[in-house]
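Chemist: Sequence and predicted structure below; questions after.
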Amino acid sequence: MITFQERVNLAPFNTFGVTEYARWFTRIEKPVQIPALLQHALFSSGPHLILGGGSNVLFTRAFEGLIIRIELAGIKVIREDNEYVWIKAAAGENWHKLVMFCVQNNYGGIENLSLIPGTAGAAPIQNIGAYGVELTEVLEEVEGFDLTTGSTHTLSAADCRFGYRDSIFKHELKEKFLISSITLRLTRRNHRLRTSYGAITDTLKSLNISQPTIQDISKAVIQIRTSKLPDPQQLGNAGSFFKNPVIESKHYHLLKEKHPDMPGFIIDSQQVKIPAAWLIEQCGWKGKRFGDAGVHVHQPLVLVNYGRATGKEILQLAHQIHDSVVDKFNIDLQTEVNIIG
Ligand code: NAP
């Protein structure tokens, strides 16, 4: 049984807390509803948008189609051997809840990804990553539905064509595939700990931990993230608004002559990754506020809604930030957030 609601305010369903209306809205709570959805006229006759936690989306106008909110639930161990455990999570599960389940059971591999907002089903879309770990390293497979044929498919990690915050779901399969579950392969022992990022090293040191467990790493990541990132329950936001840009080494060296303190992380002999937050701060945006749209006071990569900002106002601010970074550094920031408009 599948039900549809008409003219639904999307404010509770996007972490920016922006008020825009969907013409039609439905929730998917059980996989059996999906074939019924795909055969329904409301699905086939107009635009549709699949929504998870709404933590990576900015609505800039009313959505004149069908919003499909994925609320499929369930986390289970489907297999284990001496070394590994395979965990299957339904797409609607909260990602951090899944991380906590794994950390508490001493399953290693995603502790660095603690407190990333969003759902398990959204994780493969941008190949979430943090503090030196990316989903691709632990993802075994993705299950879902081909939205054109209605058939079910299982994709391996290789099939997903993961890149930096990128996957096939942003390209060939964009709007063509509904992810219903993900399966991760995690370690039961001999965990591979990743503590090289400065923030983690410093936090573990401040906690007096020299031989960290995966639980310690998760705790450190949670401490770092809560100290600098706003809680969407308190202040509307969608995490990092822009991706960290990767530029050519030649460009980096030219900029470095003009801006000797510019940070850069070498990717290979040709490319360097620059923290977008640093670029935005250098352009003077940190803590700026225009009406209810603003740039976070601690983390300039995060745009915030102080209350009644519209999606258009937040987008306008993003455009201004983008243009100033082009003017000052000749770097073309790309949005990480999905702009609907
Ligand atoms: P941050 O830790 O200040 O890092 C800023 C940039 O510097 C990132 O591009 C990061 O690369 C890079 N970096 C920092 N230390 C590095 C090291 N030791 N080696 C290589 N590269 C290094 O970034 P933040 O904005 O506060 O975010 C913290 C972490 O959460 C970052 O890893 C960031 O990517 C991640 N994050 C992920 C998502 C997502 O998956 N959607 C959203 C927001 C933030 P990396 O980006 O490769 O880490």
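Modeler: On my side now, so go ahead. Numbers count the residues shown, from 1 in each chain.

Chemist: Dump the longest strand belonging to the chain to PDB, keeping only the CA atoms.
Modeler: When the chain is scanned for its longest strand (criterion: DSSP state E), the result is strand 177-187. The C-alpha coordinates for strand 177-187 follow below in PDB (Å, rounded to 0.1, in the frame of the first residue of the first chain):
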ATOM      1  CA  PHE A 177      18.300   4.200  -9.700                       C
ATOM      2  CA  LEU A 178      16.700   3.900  -6.200                       C
ATOM      3  CA  ILE A 179      19.200   2.500  -3.600                       C
ATOM      4  CA  SER A 180      17.300   0.200  -1.200                       C
ATOM      5  CA  SER A 181      20.300  -1.100   0.800                       C
ATOM      6  CA  ILE A 182      24.000  -1.100   1.200                       C
ATOM      7  CA  THR A 183      26.300  -3.900   2.400                       C
ATOM      8  CA  LEU A 184      29.600  -3.100   4.100                       C
ATOM      9  CA  ARG A 185      32.500  -5.400   4.900                       C
ATOM     10  CA  LEU A 186      34.100  -4.400   8.200                       C
ATOM     11  CA  THR A 187      36.900  -5.800  10.200                       C
END
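
Chemist: from the chain's centre, how far out does it sit?
Modeler: 15 Å (CA atoms, centre = their mean, to the nearest Å).

Chemist: average pLDDT for the following helix or strand past that strand?
Modeler: As assigned by DSSP states H and E, the chain's next helix or strand after strand 177-187 is helix 198-206. Average pLDDT, helix 198-206: 96.

Chemist: Could you tell me which residues of the stretch 51-200 of the chain lie near the ligand?
Modeler: 116, 126, 128-131, 165, 196-199 (CB under 6 Å from any ligand atom). No exception for glycine: its C-beta is placed from N, CA and C like everyone else's.

Chemist: Most neighbours among these, please name it.
Modeler: Counting neighbours by other CB atoms under 10 Å, Q126 comes out on top of those with 22 neighbours.

Chemist: Regarding it, what is its secondary structure?
Modeler: Following DSSP: H, G, I helix; E, B strand; the rest coil, the label given to Q126 is coil.

Chemist: Over to T19?
Modeler: coil.

Chemist: Nearest residue to it in space, please, no chain neighbours.
Modeler: A11 (4.6 Å; CB to CB, 6 or more residues apart in numbering).

Chemist: Let me know whether the one you found touches A22 as I believe.
Modeler: No. Assessed by CB atoms under 8 Å, A11 is found out of contact with A22, at 10.9 Å.

Chemist: what separates the residue of the stretch 151-300 of the chain found nearest the ligand from L333, distance-wise?
Modeler: Residue of the stretch 151-300 of the chain nearest the ligand, by CB to the nearest ligand atom: N244 (3.2 Å). To L333, N244 is 9 Å away according to CB to CB, to the nearest Å.
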